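Participant: Let me see the structure of the following:
(2 chains)
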There are 2 protein chains.
Amino acid sequence: VNREPLSPTDRSTVQRGKKRAVTDRAALDAVLDAGLICHLSVIVDGAPIVIPTGYGRDGDTLYLHGSSGARSLRTAIENNICVAVTHLDGIVYARSVFHHSVNYRSAIIHGRAQVLTDDNEKLHALRILTEHLAPGSWTHTRPPTRKELAQTSVLTLDLAEASVKIRSGPPGDDDEDIEDNTAWAGVLPITQNWGDPIPSPDLGPGWDTPAHVKAREWKGQPASRQEG
Amino acid sequence: VNREPLSPTDRSTVQRGKKRAVTDRAALDAVLDAGLICHLSVIVDGAPIVIPTGYGRDGDTLYLHGSSGARSLRTAIENNICVAVTHLDGIVYARSVFHHSVNYRSAIIHGRAQVLTDDNEKLHALRILTEHLAPGSWTHTRPPTRKELAQTSVLTLDLAEASVKIRSGPPGDDDEDIEDNTAWAGVLPITQNWGDPIPSPDLGPGWDTPAHVKAREWKGQPASRQEG
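Facilitator: Residues are numbered from 1 along each chain as shown, chains lettered A, B, ... in the order given. A predicted model of the protein is given here:
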């Protein structure tokens, strides 16, 4: 697959904080693959709506899905949408109020959403979406019925027009504030991980927590991002 | 303050998953107060844009801020915007692909953004925003200069038209799948907390990590949400 650099169209060119813009596809893939949900924005009746939803990535294609009845998804079809995936890595305590900030990794994708109509394409997309949300579940659990498939809408979005922004490291204070030394400065990292699996109260007999759940690794937050 | 129930306008009425809709203001406040960043959606050149940004709440007013030069913020002024705050609490492993889900708490607010022009109002808003992001920092650090104030835009959004959705607890599998007992089912919680503070490499001598950083409590995720 020939993967172009991220598109430099006007709206995907990072306007603020240019030093934080990252323009290679590996960075985009890393931010997307480390996330679990995205925020999808569509225009409904002339006003923007933003909703959290699941996603999955297959090469240069982003899949989004939801109920066939969801108005936001229906509105998105063949219209411009925007998708953001954000990781919050820490709070940046500066010597001044003004330079307070957050460490984060963020991907923003623009484009026109297409809807999948072919059942085989939908099944492929649902496998990608399921394995993103719950790796191992596609083979462990009952596959979608024809009826369930019909109740599910899957949108695709090309990863062609996208931007990635990353902030990491210590505060960027003014020299005078550093010299004055009248305030503490540093980063308070945010840590995320999996808790202990909670079996469903109606789980039948004979189940240990399967390995794909028990041994799931946290991909959200590289430890190296937390270095000061 | 007379606080009305959340507005039942068409776009703020939860269309999907009605059983998950919550309509009291205490739930809205709780979701907002537990968050750190929001996703702000605006329309730019006819297409939706969604960006992660900081926020703070003061009663029924939501404050958003950013650089005065940021196009998205300039576009938002006196236009319709949408703001989402989302907490992802866990992955719901069902017996079927179809019933896989996530546990989450989500607030979505619609309205017209106003810009603050009065310096005292801006300072008040910045105090709210700063204390939301970094409680204790407003008094510990250097306050904004007149120039810094001018470089900062603050938007306000009335918390009048909003919806809250919460999903918690075990999967909602079909009866036949529960009886078949051919897959594990349960919840894999996501835990978040503060890591160890990382002092800035250029921090001057004589500093222990101050209490407002070291003793900061994690507000993001009530443990009770993790019960199966």
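Participant: any idea which helix or strand of chain A has the worst average confidence?
Facilitator: Ranking every helix and strand in chain A by mean pLDDT, DSSP states H and E puts strand A:21-22 at the bottom, with a mean of 64.
Participant: Touching, A:V102 and A:A94? I think so.
Facilitator: No - A:V102 is beyond contact range of A:A94, at 11.2 Å (criterion: CB atoms under 8 Å). Every residue, glycine included, has its C-beta placed from N, CA and C.
Participant: Those two: which has the busier surroundings?
Facilitator: The residue with more neighbours, out of A:V102 and A:A94, is A:A94; 25 against 20, by other CB atoms under 10 Å in any protein chain shown.
Participant: Spatially nearest residue to A:H132 (excluding sequence neighbours)?
Facilitator: For A:H132, ignoring the flanking residues on the chain, the nearest one in space by CB to CB, 6 or more residues apart in numbering or on different chains is A:G56 at 3.8 Å.
Participant: and the most centrally placed residue in chain A, what is it in contact with?
Facilitator: Nearest to the mean C-alpha position of chain A, counting by CA atoms, centre = their mean, stands A:V85 at 3.1 Å. A:V85 sits next to A:31-32, A:35, A:37-39, A:55, A:106-107 when contact means CB atoms under 8 Å, 6 or more residues apart in numbering or on different chains.
Participant: Cross those against strands and list the overlap.
Facilitator: If you go by DSSP state E, those have A:37-39, A:55, A:106-107 in strands.
Participant: got JSON lines for those residues, with pLDDT and neighbour count too?
Facilitator: Output for these, formatted as JSON lines (pLDDT from 0 to 100; neighbours: other CB atoms under 10 Å in any protein chain shown):
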{"residue": "A:I37", "pLDDT": "96", "neighbour count": "18"}
{"residue": "A:C38", "pLDDT": "97", "neighbour count": "26"}
{"residue": "A:H39", "pLDDT": "97", "neighbour count": "26"}
{"residue": "A:Y55", "pLDDT": "97", "neighbour count": "24"}
{"residue": "A:S106", "pLDDT": "95", "neighbour count": "23"}
{"residue": "A:A107", "pLDDT": "96", "neighbour count": "27"}
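Participant: TSV for these, including distance to chain B?
Facilitator: Formatted as TSV, these follow (distance: CB to the nearest CB, whole Å):
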residue	distance to chain B
A:I37	6
A:C38	9
A:H39	4
A:Y55	12
A:S106	6
A:A107	10
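Participant: how about those residues, which pair is most distant?
Facilitator: Farthest-apart pair in those is A:Y55 and A:S106; separation 14.4 Å (CB to CB).
Participant: residues near A:E161, how many?
Facilitator: 18.
Participant: er, A:D89 actually
Facilitator: Neighbours of A:D89 (other CB under 10 Å): 23.
Participant: which SSE is it in?
Facilitator: strand A:80-93 (DSSP states H and E).
Participant: That strand pairs with which strands?
Facilitator: Partner strands for strand A:80-93, per DSSP bridges, with pairing direction: strand A:37-44 (antiparallel), strand A:101-112 (antiparallel), strand A:186-194 (antiparallel).
Participant: So which of those strands is the most surrounded?
Facilitator: strand A:37-44 (a mean of 24; mean count of other CB atoms under 10 Å in any protein chain shown).
Participant: Now do that one: everything it contacts.
Facilitator: A:48-55, A:64, A:71-72, A:75-76, A:79-86, B:11, B:39, B:41, B:43, B:47-50, B:52, B:82, B:84, B:86, B:88, B:102, B:104.
Participant: Could you rerun that using 6 Å?
Facilitator: Identification of contacts with strand A:37-44 by CB atoms under 6 Å, 6 or more residues apart in numbering or on different chains yields A:48-55, A:72, A:75-76, A:81-85, B:39, B:41, B:48, B:50, B:84, B:88.
Participant: Then stretch A:101-112?
Facilitator: A:11-12, A:28, A:31-32, A:80, A:82-92, A:157-158, A:161-168, B:52.
Participant: Buried residues of the lengthiest helix in chain A, list them for me.
Facilitator: Longest helix in chain A by number of residues (criterion: DSSP state H): helix A:119-133. By neighbour count on 16 or more other CB atoms under 10 Å in any protein chain shown, the buried set for helix A:119-133 is A:122-123, A:125-133.
Participant: Kindly export that helix (C-alpha atoms) in PDB.
Facilitator: Presented in PDB, the C-alpha positions along helix A:119-133 are these (Å, rounded to 0.1, in the frame of the first residue of the first chain):
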ATOM      1  CA  ASP A 119     -22.800  -7.600   3.900                       C
ATOM      2  CA  ASN A 120     -19.300  -9.100   3.400                       C
ATOM      3  CA  GLU A 121     -17.800  -5.700   3.700                       C
ATOM      4  CA  LYS A 122     -19.800  -4.900   6.800                       C
ATOM      5  CA  LEU A 123     -18.700  -8.200   8.400                       C
ATOM      6  CA  HIS A 124     -15.100  -7.400   7.600                       C
ATOM      7  CA  ALA A 125     -15.500  -3.900   9.200                       C
ATOM      8  CA  LEU A 126     -17.300  -5.300  12.200                       C
ATOM      9  CA  ARG A 127     -14.400  -7.700  12.700                       C
ATOM     10  CA  ILE A 128     -12.000  -4.800  12.600                       C
ATOM     11  CA  LEU A 129     -14.200  -2.800  15.000                       C
ATOM     12  CA  THR A 130     -14.700  -5.700  17.400                       C
ATOM     13  CA  GLU A 131     -11.000  -6.600  17.500                       C
ATOM     14  CA  HIS A 132     -10.100  -3.000  18.200                       C
ATOM     15  CA  LEU A 133     -12.500  -2.700  21.100                       C
END
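Participant: Distance from the chain centre to that helix, please.
Facilitator: Distance of helix A:119-133 from the chain centroid (CA atoms, centre = their mean, to the nearest Å) equals 17 Å.
Participant: contacts for that helix?
Facilitator: Counting by CB under 6 Å, 6+ apart, A:54, A:56, A:58, A:63, A:65, A:116, A:137-138, A:149, A:154, B:97 sit against helix A:119-133.
Participant: Please narrow these to those residing in strands.
Facilitator: A:54, A:56, A:58, A:63, A:65, A:154.
Participant: ok now do the fourth one, which residues does it touch?
Facilitator: Read that as A:Y63. By CB under 6 Å, 6+ apart, the contact set of A:Y63 is A:56, A:125, A:128-129, A:154, A:156.
Participant: Run a quick neighbour tally on the residue lying closest to A:V85 once chain neighbours are set aside.
Facilitator: Spatial nearest neighbour of A:V85, chain neighbours left out: A:G35 (4.2 Å); criterion: CB to CB, 6+ apart. For A:G35, the count of nearby residues is 22 (other CB under 10 Å).
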